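Student: What shape does this take:
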Amino acid sequence: QCVETYATTFEPFRELYLENSRLLQRTDKIKKADLPLDWFREQLQLYKQQTEDIEKISNSKDVAVFSVKTDILREFFTPSPVTCRDSLHELLPVIAREKNTAMLEDLQACNHYLDDVPTTVEGYVEYTQYCTSLEARMDVVLTEYECLKDLFTLLDMERIHIDEVDDQTYRTGTRPQMEKLRNVLQTVEDGKDGQVNHFARNIDDQIEGLRARMAEVVQQSHNPMIEDDTADVATVIEYVASLQQETEALLKRERELTRFQELFEKEPTPIAELREEVARDVNDKVRLWVSLRDWDALAQEYADMPFKALEPATVNEQIGKYTTIVKQVSKTQSSNLVVPKLKSKVDEWRQMYPIIQALKNKKIKDHHRRLIDEVIGRIQDANGIEKNLSEIPDYTLGMLIDNDVLQMRDEIIAISVTATEEDKLEQNLLRITTVWAGGPNKPPVEFIVNQHKESKDTFILSGASIEEITGQLEDSLLTVSTIAANK
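Tutor: Next up is the predicted model:
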């Protein structure tokens, strides 16, 4: 029992052996875990202490009447902390190399970018933004550098072997690069005001250049061709479109420069007339000529389309759209002869639209079509043969336009209105007929008769039915009188 009690004093050595064995099985995980440097310090100190404790185990000890041999046990435990220490001695240089390589690459990239002194406003803005973002993460960079520095110090203190190349890379690469980065950032900060003033003057010069270019655009926008309603449409559109592109480029650059002024905390100096006058004038010129081209194409499409395929609502929508465009561009292009030209084309279709509506009237019947034929007269079909309109199933609006249908506008509309009114009268007459003769799900109007007393051959009219029929008769007579008057 005394021996067993003595044996329990070696339990801590058994536990450290098992724990050390587990550590040796997870060295890869330790490397990936990115553990703090203090953990490695503590482990190395722990293995050193374990080694000393194991060395203190005596060869043997007398316990009661027994002599307990422990030299073999000491020899068994001795390699455990040494192996763990050697494992960390192998792992730490690898970790140091990887961290040093990553930091050196980062520092070199930062210094390389900062060495490229900007010569343009855009470059300086990007440069300052880079410096700002770098300064925001400098605390992290410095912390990582200090950790790396402590790691190499630990390697030196523990006399852990490190590859000479790795050591030189740290001493002649990472450390000087870190010092250089600090100095460059300080230099940038010290010279910031001077650089800002320099590039602010450069922005002012560029804005003046934009003003000069804007004056050229204004002069080019006064080309007489733009206000000539006989000029080639495609040529003018190409010309004004190029002015529009130039104006948009000027606007874009002006916005960029004023944004830079705000970043430099300088008073923005936008070119107000460029935004409010020149751009609008040029855009309206483009819009005017493009609308003239598009309207001609649209009108031709409608003219060539079979009349039965024409949608009045769509036509009216397009007329409204181009009417609005004419009103808008006329504010800046009042002297442009193209404005009245486009207006007259759109107005012609505004006059034409009621004719389209009239001819599309579903209330028109054959006798109305004959009246319309008489008003319009004979027109040529697609083969050039003269026919009445009702005889051409696929007539187009273009055929009517060629026959100067606008001159018959009032007569055609009047016939359409008549057809609508006649249809209303016919519907009223039909309702009267349905009331008296009966219709679907409705019986005809009839008197109700009752047998008079006990007489088999004598009948009397029901008072209720007489009143009902009399009232209905009066309503019907009134409606018939109205129909007759309208006819």
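
Student: From here on, just use CA atoms for contacts and neighbour counts.
Tutor: Will do.

Student: residues contacting Pro444?
Tutor: Taking C-alpha atoms under 8 Å, 6 or more residues apart in numbering as the criterion, Pro444 is in contact with Thr434, Val435, Trp436, Ala437, Gly438.

Student: Wait, a strand at it?
Tutor: No: going by DSSP: H, G, I helix; E, B strand; the rest coil, the assignment for Pro444 is coil, not a strand.

Student: for this structure, what spans make up the strands?
Tutor: Listed in chain order, the strands of the chain (DSSP state E) span 60-63, 66-69, 379-380, 386-387, 449-451, 459-461.

Student: In TSV: those, plus mean neighbour count and mean pLDDT.
Tutor: Below are these laid out as TSV (neighbours: other C-alpha atoms under 10 Å; pLDDT from 0 to 100):
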stretch	mean neighbour count	mean pLDDT
strand 60-63	12	83
strand 66-69	12	82
strand 379-380	18	86
strand 386-387	14	88
strand 449-451	13	70
strand 459-461	12	69
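
Student: The ones you listed: which one's closest to Lys180?
Tutor: Nearest to Lys180, of all those, is strand 60-63, at 62.4 Å by C-alpha to C-alpha.

Student: Counting by contacts, list what the lengthiest helix in the chain packs against.
Tutor: Selection of the longest helix in the chain by residue count, based on DSSP state H, yields helix 79-115. If you count contacts as 3 or more C-alpha pairs under 8 Å, 6 or more residues apart in numbering; DSSP states H and E, helix 79-115 packs onto helix 11-24, helix 27-32, helix 37-55, helix 138-157, helix 175-190.

Student: average pLDDT for stretch 238-246?
Tutor: What stretch 238-246 shows for mean pLDDT is 95.

Student: my bad, stretch 82-97
Tutor: 92.

Student: what does stretch 126-138 give?
Tutor: 92.

Student: For that stretch, which outside residues touch it?
Tutor: Leu114, Pro118, Leu185.

Student: Burial check on the residue nearest to the last one when sequence neighbours are not counted, number of neighbours?
Tutor: On the basis of C-alpha to C-alpha, 6 or more residues apart in numbering, the spatially nearest residue to Leu185 that is not a chain neighbour turns out to be Cys131, at 7.4 Å. When counting by other C-alpha atoms under 10 Å, one arrives at 18 neighbours for Cys131.

Student: Check Ile356 too.
Tutor: 21.

Student: For it, give its distance to Thr235.
Tutor: For Ile356, the distance to Thr235 (C-alpha to C-alpha, to the nearest Å) stands at 34 Å.

Student: Tell me which residues touch Ile376, please.
Tutor: Ile376 neighbours (C-alpha under 8 Å, 6+ apart): Leu389, Asn403, Val405, Met408.

Student: Neighbour-wise, which one of those leads?
Tutor: Leu389 (23 neighbours).

Student: Could you give the number of residues near the nearest residue to that one once chain neighbours are set aside?
Tutor: Of all residues not flanking Leu389 in the chain, Asp373 sits nearest, at 5.8 Å (C-alpha to C-alpha, 6+ apart). For Asp373, the count of nearby residues is 18 (other C-alpha under 10 Å).

Student: Val480 contacts Leu430, doesn't it?
Tutor: No: if you go by C-alpha atoms under 8 Å, Val480 and Leu430 don't touch, sitting 10.9 Å apart.

Student: the more surrounded of the two?
Tutor: Val480 (16 against 11).

Student: Return the distance of the more buried one relative to Thr433.
Tutor: Distance from Val480 to Thr433, by C-alpha to C-alpha: 11 Å.

Student: same thing with Thr83?
Tutor: For Thr83 relative to Thr433 (C-alpha to C-alpha), the value is 117 Å.

Student: Equivalent analysis for Tyr145, please.
Tutor: In terms of C-alpha to C-alpha, Tyr145 sits 104 Å off from Thr433.

Student: quick one, which of those two is more surrounded?
Tutor: Applying other C-alpha under 10 Å to Tyr145 and Thr433 shows that Tyr145 carries more neighbours, namely 19 against 14.

Student: Tell me, how many residues neighbour the residue nearest to that one when sequence neighbours are not counted?
Tutor: In space, and not counting its chain neighbours, Tyr145 is closest to Met103: 7.5 Å by C-alpha to C-alpha, 6+ apart. The tally of other residues near Met103 (other C-alpha under 10 Å) stands at 20.

Student: Pretty sure Met103 sits against Gln177.
Tutor: No: judged on C-alpha under 8 Å, Met103 makes no contact with Gln177 at a distance of 9.6 Å.

Student: Residues in contact with both of those two, list them for me.
Tutor: With C-alpha under 8 Å, 6+ apart as the test, Met103 and Gln177 reach no residue in common.

Student: hmm, back to that, now flag whichever of the contacts of stretch 126-138 is closest to Ile460.
Tutor: Of the contacts of stretch 126-138, the one sitting nearest to Ile460 (C-alpha to C-alpha) turns out to be Pro118, at 116.2 Å.

Student: mind listing what that closest one touches?
Tutor: If you count contacts by C-alpha under 8 Å, 6+ apart, then Pro118 has Tyr124, Tyr127 around it.

Student: Angles on the backbone of it, please.
Tutor: Backbone dihedrals for Pro118, given as degrees, to the nearest 10, come out at phi -70, psi 150.

Student: any idea how far Tyr127 is from it?
Tutor: Taken as C-alpha to C-alpha, the span from Pro118 to Tyr127 is 7 Å.

Student: Glu254 now?
Tutor: Applying C-alpha to C-alpha to Glu254 and Tyr127 gives a distance of 21 Å.

Student: Compare neighbour counts for the two and give me the winner.
Tutor: Glu254 (22 against 17).

Student: Ramachandran angles for Ile385?
Tutor: Torsion angles, degrees, to the nearest 10, at Ile385: phi -90, psi 130.

Student: Please name the nearest non-neighbouring residue to it.
Tutor: Ile379 is the one closest to Ile385 (C-alpha to C-alpha, 6+ apart), at 7.8 Å.

Student: quick one: contacts for the one you found?
Tutor: Contacts of Ile379 (C-alpha under 8 Å, 6+ apart): Ile385, Glu386, Lys387, Asn388, Leu389, Met399, Leu400, Asn403.
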